[in-house]
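Student: got a predicted structure plus its sequence, pasted below:
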Amino acid sequence: MSGQAGPLLEVFDLSLSLAGHPILDGIDLTVRQGELHALLGANGAGKSSLAYALMGCAGYRPQRGHIRFAGEDITELPMHERARRGIALAWQEPARFEGLRVADYLALGGRADPADCLRAVGLAPSDYLARPLDKTLSGGERKRIELAGVLALAPRLAILDEPTAGIDFLSQAEIEAVIRALRRQGAVLLITHQEQLAAGANRASQLCGGRVVCTGEPATVIENFKARRCRRCDGETCHD
Amino acid sequence: MTELATLYEAFRTLGEDPGVILAPDTAHMVAYGHRLLSQQSIPGVAIEAHADEQGVHARVRVQAGFRILQPVHLCFGLFERFGVQNVDLELTLEAGAAATFWSHCLFMRPEAARHAMDARITLEAGARLAYQEVHYHGASGGIEVLPKARVKVGEAAHYRADFGLTQGRVGRLAIDYAVEVGRAASAELTSKVYGHATDTIDICERIHLNDEGARGLIKTRVAVEDAARAHIVGATYGKAAGARGHVDCLEIVRGNALASAVPEVRVSHPQAKVTHEAAIGSVDERQIEALMARGLDPDAAVERIILGMLG
């Protein structure tokens, strides 16, 4: 990664409160084209909220700040318009549907072959394409299908919210390969608690109390995080 | 065009193949209003039907031990704006018989019409019946559909009924099913209905788990929009040791529609168990967002979720 690549996603002074409680507090963040950008932070730091705000989820409309994607201000765009411009989100806890098959879900807005996408996440298409996307799937299976769903969209920016949580460690290599493939297609913003995944990123940012407190080389950010160095809370609140 | 040709043409427009119904290895009965247009028995399935001013009367028997490979087709239609179709059906599956029945009900442009089915269904020991009833209604909403069934499921027999009315206007629907389930037997009732405009939906399904090891499931999926109304009663009575029942009702409400559900579970034996779950509300916001994140606009996402539930 040269560091010369232009910005794909730019977040300026993004602030969000929910029920009067500040969640994001002046976030500034850039994800470059071709970059895998890891987002670290303790529970409650605002990582998932930032993902929802970037995707345009209802209830996560920022009170202040701007989001630019590929040079366009998308702050006011609804979710489906952001999706059509190439932003995709792999949810931390993906929704389940009665009557919607895995094949149908992967085909929605999909550009890549659903069977190939399932294989990429280590699931046999013959076992899964016809299955309903409901509670008969385990949490790990549903997470992998969600990742396959993002792969099928061939997004310019994939936001992955803890994609390996709940997935057995034998499958971690497959998930990492998918993340690399998504990065090659555009860029990835990766929310993770796994040091190994974060270490493989091109850059990383640390969140604390809804603010970006550190951005830079992953090793430096990870070290900062582990050493409880935080310019906002001095390590008091930004750790589990 | 003859009534039979009209009916088959309607099938074609709905993407069905009427040739399947007419195949020589397929038992069928076709009725248009109070006229019997065609009937065919095959080895193992005896159909005796006639029609008079009161309606269509049919006795269907699947003989003991016969496992019927091709579905038996029952086709009912009425394309006139005004009319009545009464159907009196006596259906028996003898011991060890197995069959699938497809009941197609086509009412394409009624203004003031009624289709009433009065069915008495008996499954003898070890028999298996899947009865799928699908309605195709036009957009007028002037149809009244009154399906009534009294079902007896004998020892170790299995009865499954699927009712679907998801295309066109419902009009007025009043389902009245009661099923008596015997020893080690099982019954599954599934209804899927999509109401629009001023449609009225009343579904009352009861399963009596009368004997040891009887099993029952009532599953209802209803969506209503505009000013449609739905009232669902799903009742299961556990009366014997090892009886197990479940009532599962999910209703989605949009616009000014109104939905209600009354799951009734009653147990009169200490070793019986009956559970229920009912949910009424709008479409889950998380589901909508999950589909919007794949590029669907909000209306398309909601429609996709509803059709998935009713599919």
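Tutor: Okay, I see it.
Student: residues in contact with the helix or strand encompassing A:S205?
Tutor: Secondary structure assigned from DSSP states H and E places A:S205 in strand A:203-208. Outside strand A:203-208, the residues within contact range by C-beta atoms under 8 Å, 6 or more residues apart in numbering or on different chains are A:1, A:27, A:29, A:32, A:35, A:37-42, A:45-47, A:50, A:198, A:212-218, A:221-222, A:224-225, A:230, A:232-233, A:237-238. No exception for glycine: its C-beta is placed from N, CA and C like everyone else's.
Student: taking the residues you listed one by one, which sit in strands?
Tutor: With strands taken from DSSP state E, the overlap with the contacts of strand A:203-208 comprises A:27, A:29, A:32, A:37-41, A:212-216.
Student: just to revisit the earlier point, please pick the buried ones from the contacts of strand A:203-208.
Tutor: Restricting the contacts of strand A:203-208 to buried positions leaves A:27, A:29, A:32, A:35, A:37-42, A:45-47, A:50, A:198, A:212-215, A:218, A:221-222, A:224-225, A:230, A:232, A:238, with burial counted as 16 or more other C-beta atoms under 10 Å in any protein chain shown.
Student: excluding covalently adjacent residues, which one is nearest to the closest residue to chain A within the stretch 1-150 of chain B?
Tutor: Distances between the stretch 1-150 of chain B and chain A by C-beta to the nearest C-beta are smallest at B:V134, namely 15.9 Å. Once flanking residues are discounted, B:V134 sits nearest to B:G164: 4.7 Å by C-beta to C-beta, 6 or more residues apart in numbering or on different chains.
Student: quick one: contacts of whichever strand or helix holds the one you found?
Tutor: Taking DSSP H and E as the criterion, the element that holds B:G164 is strand B:158-167. Counting contacts by C-beta under 8 Å, 6+ apart, the residues outside strand B:158-167 that touch it are B:14, B:121, B:123, B:127-137, B:145, B:147, B:149, B:151, B:153, B:173, B:175, B:177, B:179, B:181, B:185-194, B:307, B:310-311.
Student: the next helix or strand after it pairs with which strands?
Tutor: Later in the chain than strand B:158-167, the nearest helix or strand by DSSP H and E is strand B:172-181. Taking DSSP bridges as the criterion, strand B:172-181 sits next to strand B:143-153 (parallel), strand B:200-209 (parallel) in its sheet.
Student: quick one: closest of those strands to B:F82.
Tutor: Of all these, the one in closest proximity to B:F82, counting by C-beta to C-beta, is strand B:143-153 (10.8 Å).
Student: and the closest one, what's buried?
Tutor: For strand B:143-153, using 16+ other C-beta under 10 Å, the buried residues are B:I143, B:E144, B:V145, B:L146, B:P147, B:A149, B:V151, B:K152, B:V153.
Student: kindly reformat these as JSON lines containing distance to A:Q206 and pLDDT.
Tutor: Formatted as JSON lines, the buried residues of strand B:143-153 follow (distance: C-beta to C-beta, whole Å; pLDDT from 0 to 100):
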{"residue": "B:I143", "distance to A:Q206": "64", "pLDDT": "94"}
{"residue": "B:E144", "distance to A:Q206": "66", "pLDDT": "96"}
{"residue": "B:V145", "distance to A:Q206": "63", "pLDDT": "96"}
{"residue": "B:L146", "distance to A:Q206": "66", "pLDDT": "97"}
{"residue": "B:P147", "distance to A:Q206": "63", "pLDDT": "97"}
{"residue": "B:A149", "distance to A:Q206": "65", "pLDDT": "98"}
{"residue": "B:V151", "distance to A:Q206": "65", "pLDDT": "98"}
{"residue": "B:K152", "distance to A:Q206": "69", "pLDDT": "98"}
{"residue": "B:V153", "distance to A:Q206": "64", "pLDDT": "98"}
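Student: circling back to that earlier point, type out the ChimeraX command that picks the buried ones from the contacts of strand B:158-167.
Tutor: Under the burial definition 16+ other C-beta under 10 Å, those of the contacts of strand B:158-167 that qualify are selected in ChimeraX by:
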select /B:121,123,127,128,129,130,131,132,133,134,135,136,137,145,147,149,151,153,173,175,177,179,181,185,186,187,188,189,190,191,192,193,194,310,311
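Student: in strands only, show me the contacts of strand B:158-167.
Tutor: Short answer: those in strands (DSSP E) are B:121, B:123, B:128-137, B:145, B:147, B:149, B:151, B:153, B:173, B:175, B:177, B:179, B:181, B:186-194.
Student: just name the closest of the ones in strands among the contacts of strand A:203-208 to B:V56, please.
Tutor: A:L39 (67.7 Å).
Student: follow-up on the earlier one: how close does the residue nearest to B:V134 get to B:R266?
Tutor: B:G164 is 28 Å from B:R266, where distance means C-beta to C-beta, to the nearest Å.
Student: which of the two has more residues huddled nearby?
Tutor: Ranked by neighbour count (other C-beta atoms under 10 Å in any protein chain shown), B:G164 and B:R266 place B:G164 first, with 19 against 13.
Student: what bridges to the more buried one?
Tutor: In this structure, B:G164 has beta-bridge partners B:V134, B:K192, where bridges are defined by DSSP bridges.
Student: ok, it to A:Q196 distance?
Tutor: Computed with C-beta to C-beta, the distance linking B:G164 and A:Q196 is 50 Å.
Student: check B:L291 too.
Tutor: The gap separating B:L291 from A:Q196 is 33 Å, by C-beta to C-beta.
Student: among those two, which residue is more densely surrounded?
Tutor: For the pair B:L291 and A:Q196, the greater number of neighbours falls to B:L291 (28 against 11), based on other C-beta under 10 Å.
Student: which SS state does the more buried one fall under?
Tutor: Each residue gets one of three states, and B:L291 gets helix by DSSP: H, G, I helix; E, B strand; the rest coil.
Student: any low-confidence regions in the stretch 1-150 of chain B?
Tutor: When residues are selected by pLDDT under 70, those of the stretch 1-150 of chain B lie in B:1.
Student: how about 80 then?
Tutor: Within the stretch 1-150 of chain B, the stretches with pLDDT under 80 are B:1-4, B:7, B:10-11, B:13-16.
Student: quick check: residues of chain A near chain B?
Tutor: Proximity of chain A to chain B is assessed by C-beta under 8 Å from any C-beta of the partner chain, with A:55, A:57-58, A:78-80, A:83-84, A:88-89, A:91, A:94-95, A:97-100, A:104-105, A:108-110, A:149, A:153 identified as the residues in range.
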